[in-house]
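Colleague: This is the structure alone, sequence omitted:
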């Protein structure tokens, strides 16, 4: 009888563990709900974001981003008065450097840019943008218990994303950026979530770490939604 009771208890524990093990889909669903839910996100048709770029606590630039479905434009302004522009129409990605030279992005660089910037709400499009999204277990990052998902694109590009188990929000990304000799590991810490007027939660700060020697902070100073004209 004791053996039978122990066996039944072990089976019950295994069943509970299996039922409590999340899937990639459930983690993403919780993230979308944490941000305000799909209906609230869908109501946002466009947005204007303005912010500051810092390195070692010093301002090294400002940025403006104009976003709508299939349309993206970013303007980077530097202390010396120069500017850099980059964007996409959902098919072609381009940039104009500080000297005024225009370049069409190609291959991996173009695919990465369009994947991240050609959609209004990236998390809602992840199932379409990636060939597979895998649940890789639990991990503590930034002193936070997290669910680890691996996003695999059709070109085999991979992004590791970590979502807080407690509140469901995305807190970290790891990926390889650049091509050839310019290839490097980018680790992004995502935080300072604020509930906007639209009712959605938006991260107001991203810290990008390039290797172990260089970090840059992007801070959103203002965000307005549904204010752009169709001529953006």
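Modeller: Yes, it's here. Note that this is a predicted model, so its numbers are computed, not measured.
Colleague: Please list all residues in contact with residue 144.
Modeller: Applying C-beta atoms under 8 Å, 6 or more residues apart in numbering, we find residue 144 in contact with 164, 165, 166, 171. All C-beta atoms are positioned from the backbone trio N, CA, C, and that covers glycine.
Colleague: Excluding covalently adjacent residues, which one is nearest to residue 110?
Modeller: Leaving aside its chain neighbours, residue 110 sits nearest to residue 93 (4.7 Å; criterion: C-beta to C-beta, 6 or more residues apart in numbering).
Colleague: And the contacts of residue 144, which of them are buried?
Modeller: 164, 165, 171 (16 or more other C-beta atoms under 10 Å).
Colleague: taking those one by one, which sit in strands?
Modeller: Judged by DSSP state E, the buried ones among the contacts of residue 144 include 164, 171 as members of strands.
Colleague: quick one: secondary structure of the nearest residue to residue 129 once chain neighbours are set aside?
Modeller: Nearest residue to residue 129, sequence neighbours excluded (C-beta to C-beta, 6+ apart): residue 115, at 5.5 Å. Of the three states, residue 115 takes helix under DSSP: H, G, I helix; E, B strand; the rest coil.
Colleague: Use 338 as the first number from now on
Modeller: In the new numbering, first residue 338, that becomes residue 452.
Colleague: my guess is residue 452 meets residue 490, correct?
Modeller: Yes - contact criterion C-beta atoms under 8 Å: residue 452 and residue 490 qualify, at 6.9 Å.
Colleague: Now the common contact residues for these two.
Modeller: With C-beta under 8 Å, 6+ apart, residue 452 and residue 490 have common neighbours residue 466.
Colleague: and those two? which has more neighbours close in?
Modeller: More neighbours surround residue 452 than the other of residue 452 and residue 490, with 21 against 16 (other C-beta atoms under 10 Å).
Colleague: what's around residue 476, how many residues?
Modeller: Using other C-beta under 10 Å: residue 476 sits among 14 other residues.
Colleague: you'd agree it is up against residue 485?
Modeller: Yes - using C-beta under 8 Å, residue 476 is in contact with residue 485, at 4.8 Å.
Colleague: Identify the contacts common to those two.
Modeller: residue 499.
Colleague: between the contacts of residue 481, which is closest to residue 362?
Modeller: Nearest to residue 362 among the contacts of residue 481, counting by C-beta to C-beta, is residue 502 at 15.9 Å.
Colleague: In this model residue 478 seems to touch the closest one, though I could be wrong.
Modeller: No - using C-beta under 8 Å, residue 502 makes no contact with residue 478, being 10.9 Å away.
Colleague: Tell me where the protein has strands.
Modeller: According to DSSP E, the chain carries its strands in the segments 383-392, 395-405, 408-414, 420-425, 430-433, 439-441, 469-478, 481-489, 495-501, 507-514, 521-532, 538-547, 551-562.
Colleague: Tell me which of those is the most buried.
Modeller: For these, the largest average neighbour count (mean count of other C-beta atoms under 10 Å) is found in strand 495-501, namely a mean of 21.
Colleague: Would you mind checking the average pLDDT for that strand?
Modeller: Average pLDDT, strand 495-501: 97.
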